[in-house]
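> Next come a sequence and a model predicted from it.
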Amino acid sequence: MSEPRHFLSTESWSHAEVLGLLDRAAELKRVRVDDQLRGQRLGLVFFNPSLRTRTSFELAVQMHGGMSVTLEPGNGVWGFETEVGTPMLGEAAEHVTEAAGVLGRYVDAIGIRAFPQATSWAEARRDTLLHAFAELAGVPIINMEGARRHPCQELADALTLRERFGGDAASTGGTGRRRVVVQWCWHPKALPTAVPASAVLAGLRVGCDVTLCAPEGFELDGEDVAAAQALATTTGAALDFAHSRHDAADGADVIYAKAWGGLDRFEDPSGEEQRRGLHRDWCVDADLMRRTRDGAFMHCLPVRRNVVVRDEVLDGSGSIVLDQAENRLHVQRALLTTLLGGHSNGTSDHA
Amino acid sequence: MSEPRHFLSTESWSHAEVLGLLDRAAELKRVRVDDQLRGQRLGLVFFNPSLRTRTSFELAVQMHGGMSVTLEPGNGVWGFETEVGTPMLGEAAEHVTEAAGVLGRYVDAIGIRAFPQATSWAEARRDTLLHAFAELAGVPIINMEGARRHPCQELADALTLRERFGGDAASTGGTGRRRVVVQWCWHPKALPTAVPASAVLAGLRVGCDVTLCAPEGFELDGEDVAAAQALATTTGAALDFAHSRHDAADGADVIYAKAWGGLDRFEDPSGEEQRRGLHRDWCVDADLMRRTRDGAFMHCLPVRRNVVVRDEVLDGSGSIVLDQAENRLHVQRALLTTLLGGHSNGTSDHA
Amino acid sequence: MSEPRHFLSTESWSHAEVLGLLDRAAELKRVRVDDQLRGQRLGLVFFNPSLRTRTSFELAVQMHGGMSVTLEPGNGVWGFETEVGTPMLGEAAEHVTEAAGVLGRYVDAIGIRAFPQATSWAEARRDTLLHAFAELAGVPIINMEGARRHPCQELADALTLRERFGGDAASTGGTGRRRVVVQWCWHPKALPTAVPASAVLAGLRVGCDVTLCAPEGFELDGEDVAAAQALATTTGAALDFAHSRHDAADGADVIYAKAWGGLDRFEDPSGEEQRRGLHRDWCVDADLMRRTRDGAFMHCLPVRRNVVVRDEVLDGSGSIVLDQAENRLHVQRALLTTLLGGHSNGTSDHA
């Protein structure tokens, strides 16, 4: 059996392939139901809560005649051990090696949601669970949000931007000289950086210039920035960095708000919280939006109202957060039909 | 898009429409599977536990070729905030506005189960969650039991009564001069009043006289009583109230048992419990049933055996509680095929 | 309605019928999807965690066009009372009588997972929940692991042995003079004996000699041993017992590892733990495997690595644990299509 095709991040797919997923998503958006995935089986493993991801993946496979199973390790399903080589004398009754191996026998692709769970960023950023499944399951693994990326959100955001700005989308994904600000916001918790890293890529993907705007100390992981710079080179868009949210918003076309914690104090939660607390006023309000060029407001959801963004913005006409969420469904339909259309996993269709 | 048709209570449907649902349910009871709901998607959101409702809704949509997603906020899904306008600094990571908006993009109808959760009846009776979804989701909302009503149980009970008593059901729903006693019982907890309010309506709906029998202090909400009186006028049945369970049972055709808490002491739980405790002997036993006219025993389930009803009654030949439960499935099939048959939600069938 | 056919253990099925299930499973393994179970509904009730069982049952029914509902009593579903005749004043809101009766109205078969939960083995071994469902639901009940047996694992293990050793499988199930050691191992918890009892039967079923090897004090339930002896007589295989794991492994073809607690100290957990602790060295390692005749390693999973079995064995070429797990899916497909193919449960197919 050949190596399965994973979707852990967009880097392992060519730019043309990613644009092809967006095209397919746009087409499928007009199709309610068909049988492209008849007999195909999707496993969904959630180590963390989910509303959009769970709902949209369960429906995506069913809308094409396939089936899914949703598992929540530790909630009705045995918890998994990830350590290698040590005696399993703790709470976990099952090792990820067997969990991945077994699921790979049952299903044709597996989605994994696993937020950072280590105490150091050096460890958390390795996305151990995701990569263990990718190595051991023998079927395509889909990243439903790990420590580093949320590539399904990235596709949905890219599609939403294309819908917003048009452009010669099918061939170049271009939206002209538009500018997206990925805007740090304050939040009571040190949230993961997967979404901002992916949001930057989403903007660049469709040819928008992107400004990553955050206070000092809230830089993204260096490899994620490098990936963004490489994509900017590919699509001819510009990536820059700002510390002033007011300057960044001036003339922008999109404010993409997101809260996250400081990676360099990942191991010092109280120090991180203290520094984060210096910026409690970083909340997107109507004043900030007025600096934009009739800008759209984006957020991956869930969002804390009047903490990350004021009601006046989220409920305003420029808010396209529901379009983003809806597009999750359609990009995942595109992804699944691409990965699994005609796939057979050792058993043959009953003809 | 036109305003979606909700099923929050039976009042917003005409008497003829409700009888039509019963007719359709009776027909579907003879059909195991078809494709009426192919491509239709149902979201089920449970804020409280469920066995019958969850099982019967999940199957109802699948028996007609549709699909469902079940979510339990707070259990693998983000909890929802319902307060408007305040900063979300508590536990809830998502506001109901976004939850409803997003689900409305993913599915064609949403069922909501949300028991009373406020500390005052004045607040609880507003059924904030249900109405928030109805206002914000843009798709039909189905009440799977709120503070005030349990309309799917109501349909199931009405169908069960029609099956029991016959009558010119299809045209008038009439069961002649039968009498149903909705009988308060003691229970260790102050349970909600949605079921007794709906049981009264179920009896009146099919032309039975109804006696609501409870100790003083356990009256139903005034608006629910008014709705019952209006329905009695429509169907020509009589509604009366009793405080003596023995007198009420004399000559009755049905004892519909249900425990509930006193609404006027909703804000004083220990006072409510004390008053409720005065009536621990209110349990349906064989003696009470002997006063009836070979009466049937009904209950919505789950029921605490030998607290609300003695084994001798629940296991006796007059018990039709399983028929009620089974009919949940069929009335919900009728409801879903009525609400969603041919519906398209912005995407078109792949023809 | 005739008495439903249950699958609580393999004893109530003839040897020929059980071999027939294995044959059907082998055939279905080559079929990805068909419509044999269109319109058929499976209920799955888990009182304990599961990964393999849940995933494989949910998929098994869907792979043949049927549908399933998964319930976890106490987790989003009311907990069940099993005591008979007493007032339900505790936590449980629903009696198993109604739960079984209602589910029996909704679905065409019910799978139940219920580990031993009593404080005495005399009580636990009665498998009260399983038998209550079998008596009350009116539809076939499938044992998804109770106190005494795990018959779906047993079928999967039998199929795996047949695949490994060939033989005139279709007609006799024979694997010649092969020998399977069901090997006790140490574990920090006193696990149930259902799997070792079923593993012994699986080996004997396909004509293997079986050695049950455990320290003194870890004998299986007498009735389970008697069932194994009866099956050995039927298939002409030999069953013997050993206390030395090294001697038992000499020349064996399979080491089937499994940890379990001592039944005769079931009511004395600390005494049981102490006696179990005398055998912490009972872990399957490469040394033990070298005594075998190029033996296979089997385990039902989940397994604690480097406690029950060393990585070197579990990751070695002789390990067939994933085959066992995969076969769970196929034997359950065989079981469900046998039990439900053409079944109608009171409603007729829409022709």
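Structure received. Remember, predicted model here, so these are calculated numbers, not experimental data.
> Between the two ends of stretch A:35-43, what distance do you get?
One end of stretch A:35-43 sits 18 Å from the other (Cα to Cα, to the nearest Å).
> wait, I meant stretch A:265-281
21 Å.
> From the chain's centroid, how far away is that stretch?
Counting by Cα atoms, centre = their mean, to the nearest Å, stretch A:265-281 is centred 24 Å from the centre of its parent chain.
> Quick check: buried residues in it?
A:Arg265, A:Phe266, A:Glu272, A:Arg275, A:Arg276, A:His279 (16 or more other Cβ atoms under 10 Å in any protein chain shown). For glycine as for every other residue, the C-beta is placed from the backbone atoms N, C-alpha and C.
> One more: stretch A:85-92?
A:Met88, A:Ala92.
> Just the endpoints, please. Distance across it?
End residues of stretch A:85-92 are separated by 14 Å (Cα to Cα).
> Repeat that for stretch A:296-305.
Per Cα to Cα, stretch A:296-305 runs 17 Å from first to last residue.
> Just the mean pLDDT for it, thanks.
For stretch A:296-305, the per-residue pLDDT values average out at 97.
> rewinding a little: just the buried residues of stretch A:265-281 now: which is nearest A:Ala99?
A:Phe266 (26.6 Å; Cβ to Cβ).
> how close does that closest one sit to C:Arg179?
54 Å (Cβ to Cβ, to the nearest Å).
> Where does the prediction get shaky in the stretch 151-300 of chain A?
A:167-176 (pLDDT under 70).
> can you list the residues of it near chain B?
A:Pro188 (Cβ under 8 Å from any Cβ of the partner chain).
> Show me the residue of the stretch 151-300 of chain A that gets nearest to chain C, please.
A:Cys152 (21.9 Å; Cβ to the nearest Cβ).
> what's the helix or strand that residue falls within packed up against?
Using DSSP states H and E, A:Cys152 maps to helix A:151-165. Helix A:151-165 is packed against helix A:15-28, strand A:141-143, helix A:194-205, strand A:254-259, strand A:296-298, helix A:321-340, with contacts defined by 3 or more Cβ pairs under 8 Å, 6 or more residues apart in numbering or on different chains; DSSP states H and E.
> let's see 7 Å
In this structure, helix A:151-165 makes packing contacts with helix A:15-28, helix A:194-205, helix A:321-340, judged by 3 or more Cβ pairs under 7 Å, 6 or more residues apart in numbering or on different chains; DSSP states H and E.
> now the angle between helix A:194-205 and the first one, please.
In this structure, helix A:15-28 runs at an angle of 100 degrees to helix A:194-205, with axes from the mean of the first three to the mean of the last three Cα atoms, to 10 degrees as the basis.
> Now helix A:15-28 - C-alpha only, CSV.
C-alpha atoms of helix A:15-28 as CSV (Å, rounded to 0.1, in the frame of the first residue of the first chain):
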residue,chain,number,x,y,z
HIS,A,15,-0.5,25.8,-4.3
ALA,A,16,-2.4,24.6,-7.3
GLU,A,17,-3.9,21.7,-5.3
VAL,A,18,-5.0,24.0,-2.5
LEU,A,19,-6.7,26.3,-5.0
GLY,A,20,-8.3,23.2,-6.6
LEU,A,21,-9.8,22.4,-3.2
LEU,A,22,-11.3,25.9,-3.1
ASP,A,23,-12.7,25.5,-6.6
ARG,A,24,-14.2,22.1,-5.7
ALA,A,25,-15.7,23.6,-2.5
ALA,A,26,-17.3,26.4,-4.4
GLU,A,27,-18.9,23.8,-6.8
LEU,A,28,-20.1,21.5,-4.0
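> orientation of it relative to helix A:151-165 in degrees?
Using the same axes, to 10 degrees: helix A:15-28 against helix A:151-165 is 70 degrees.
> who's in contact with helix A:15-28?
A:10, A:155, A:158-159, A:162, A:170, A:173, A:205, A:234, A:327, A:330-331, A:333-335, A:338 (Cβ atoms under 7 Å, 6 or more residues apart in numbering or on different chains).
> buried stuff in that helix?
A:Val18, A:Leu19, A:Leu21, A:Leu22, A:Asp23, A:Arg24, A:Ala25, A:Ala26, A:Leu28.
> Next up, the contacts around the residue positioned nearest the centre of chain A.
Nearest to the mean C-alpha position of chain A, by Cα atoms, centre = their mean, lies A:His150 at 1.9 Å. A:His150 sits next to A:Ala194, A:Val195, A:Ser198 when contact means Cβ under 7 Å, 6+ apart.
> Tell me how far the first one lies from A:Trp260.
Distance, A:Ala194 to A:Trp260, by Cβ to Cβ: 9 Å.
> Could you pull out the helices in chain A for me?
Per DSSP state H, chain A carries helices over the ranges A:15-28, A:52-62, A:96-106, A:121-124, A:128-136, A:151-165, A:169-172, A:194-205, A:222-235, A:245-249, A:269-277, A:286-290, A:311-314, A:321-340.
> related to what we said a few turns ago, ignoring the adjacent residues along the chain, who's closest to the residue of the stretch 151-300 of chain A closest to chain C?
Residue nearest to A:Cys152 in three dimensions, not counting chain neighbours: A:Gln332, with 5.8 Å by Cβ to Cβ, 6 or more residues apart in numbering or on different chains.
> try A:Asp323
A:Thr160 (5.0 Å).
> and of the buried residues of helix A:15-28, the nearest to chain C?
Nearest member of the buried residues of helix A:15-28 to chain C, counting by Cβ to the nearest Cβ, is A:Leu28, at 21.3 Å.
> hang on, the earlier thing: burial of the residue of the stretch 151-300 of chain A closest to chain C, as a residue count?
26 (other Cβ atoms under 10 Å in any protein chain shown).
> got the residues of chain A near chain C?
Contact residues, chain A versus chain C (Cβ under 7 Å from any Cβ of the partner chain): A:38-39, A:41, A:43, A:67, A:69, A:71, A:76-78, A:85-89, A:93-95, A:98-99, A:101-103, A:105-106, A:344, A:347-350.
> If we use 8 Å, what do you get?
A:38-39, A:41, A:43, A:67, A:69, A:71, A:73, A:75-78, A:81, A:84-89, A:93-95, A:97-99, A:101-103, A:105-107, A:344-345, A:347-350.
> Sort out which of these are in strands and list them.
The members of the residues of chain A next to chain C that map onto strands under DSSP state E are A:Arg41, A:Gly43, A:Met67, A:Val69, A:Leu71, A:Glu81, A:Glu94, A:His95.
> surely the fifth one meets A:Leu42?
Spelled out, it's A:Leu71. No: if you go by Cβ atoms under 8 Å, A:Leu71 and A:Leu42 don't touch, sitting 11.4 Å apart.
> more neighbours, those two?
Neighbour totals were compared for A:Leu71 and A:Leu42, and A:Leu42 leads with 27 against 22 (other Cβ under 10 Å).
> Quick one: residues contacting A:His330.
A:Ala25, A:Ala26, A:Leu28, A:Lys29, A:Ala156, A:Leu159 (Cβ atoms under 8 Å, 6 or more residues apart in numbering or on different chains).
> care to break chain A down by domain?
A:10-148+A:327-340, A:151-325 (automatic domain parsing).
> Generate CSV for these, with distance to C:Val225 as supplementary columns.
Output for those, formatted as CSV (distance: least, Cβ to Cβ, whole Å):
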stretch, distance to C:Val225
domain A:10-148+A:327-340, 27
domain A:151-325, 53
